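Asks: Fold the following, please.
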Amino acid sequence: MSRVNLGLVLIIVELMLETNIGESMRIELESGKSRCISEDIKTNAMSVGKYNIVNPNEGYPLPDSHKLTARVTSPYGNNYHLGDQVDSGTFAFTAAEGGDYTTCFWAIEQKPPVRITIDFDWKTGVAAKDWSKVAKKGQVETMELELKKLYDTVTSIHEEMFYLREREEEMQQLNRETNSKMATLSFFSLVVCLSVAGLKMWHLKTFFERKKLL
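Replies: Now for the predicted structure:
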């Protein structure tokens, strides 16, 4: 492989690795309230996360008021993580169900109210894999490791495309079923309207015949 081609491969690898599925954010949470974040995760995908409260007074101990409760739930309400009155925590799981997984943070009510800042890092798929352990275990060279990352990234994107296609087919099927039900409902509504109109005509005809107007 020439140096030019090798350079192109490395550039592609870096660009692909930058597309890893992950979410790092800073959350502002007021005491007595809650904040939730959702992530669409497909079945059998790895997911890892970590969170910690930012110390408002750097160099001093974290105030006792800065505690939170964190919970991670699946689309069907199954608990994957629960941290009660903590200032930091981590979680890791393999999704048994496909759909929106939710992480919620609660802070107990304080008087006066306290604003808590949370650093939250949530990764899924290829981004959740610990590549340092892969490199140590296989004792692969740097280029080989990057190619492994690239392969897993491409595989993840490929699986994600199939997953989105399945979700699209489900939505199309739901749309077809909804259209079918609406067509049936419209037909019955038309039948009812025609029946009511016919009954009215019959009633008027009978009324006029009784009055000998016809």
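
Asks: Can you list the buried residues in the helix or strand where residue 35 lies?
Replies: Assigned by DSSP states H and E, residue 35 belongs to strand 34-41. Going by neighbour count (16 or more other Cβ atoms under 10 Å), the buried part of strand 34-41 is 35, 37, 39-41. C-beta: built from backbone N, CA, C; applies to glycine.

Asks: Let me know the closest of those residues to residue 103.
Replies: Of all these, residue 103 sits closest to residue 37, with 5.1 Å by Cβ to Cβ.

Asks: check contacts around the closest one.
Replies: Applying Cβ atoms under 8 Å, 6 or more residues apart in numbering, we find residue 37 in contact with 23, 25, 27, 102-104, 120, 122.

Asks: Kindly supply the ChimeraX command isolating those of these that are buried.
Replies: Applying 16+ other Cβ under 10 Å to those, the buried members can be selected in ChimeraX as follows:
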select :27,102,103,120,122
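
Asks: Dump the contacts of residue 37 into a markdown table; add distance to residue 195, secondary structure and pLDDT as well.
Replies: Shown next, in a markdown table, are the contacts of residue 37 (distance: Cβ to Cβ, whole Å; DSSP: H, G, I helix; E, B strand; the rest coil; pLDDT from 0 to 100):
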| residue | distance to residue 195 | secondary structure | pLDDT |
| --- | --- | --- | --- |
| 23 | 57 | strand | 58 |
| 25 | 59 | strand | 86 |
| 27 | 59 | strand | 90 |
| 102 | 49 | strand | 94 |
| 103 | 55 | strand | 94 |
| 104 | 52 | strand | 95 |
| 120 | 60 | strand | 93 |
| 122 | 58 | strand | 90 |
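
Asks: top helix in this protein by residue count?
Replies: In the chain, taking DSSP state H as the definition, the longest helix is helix 142-210.

Asks: Distance from that helix to the middle of the chain?
Replies: Chain-centre distance of helix 142-210: 23 Å, with Cα atoms, centre = their mean, to the nearest Å.
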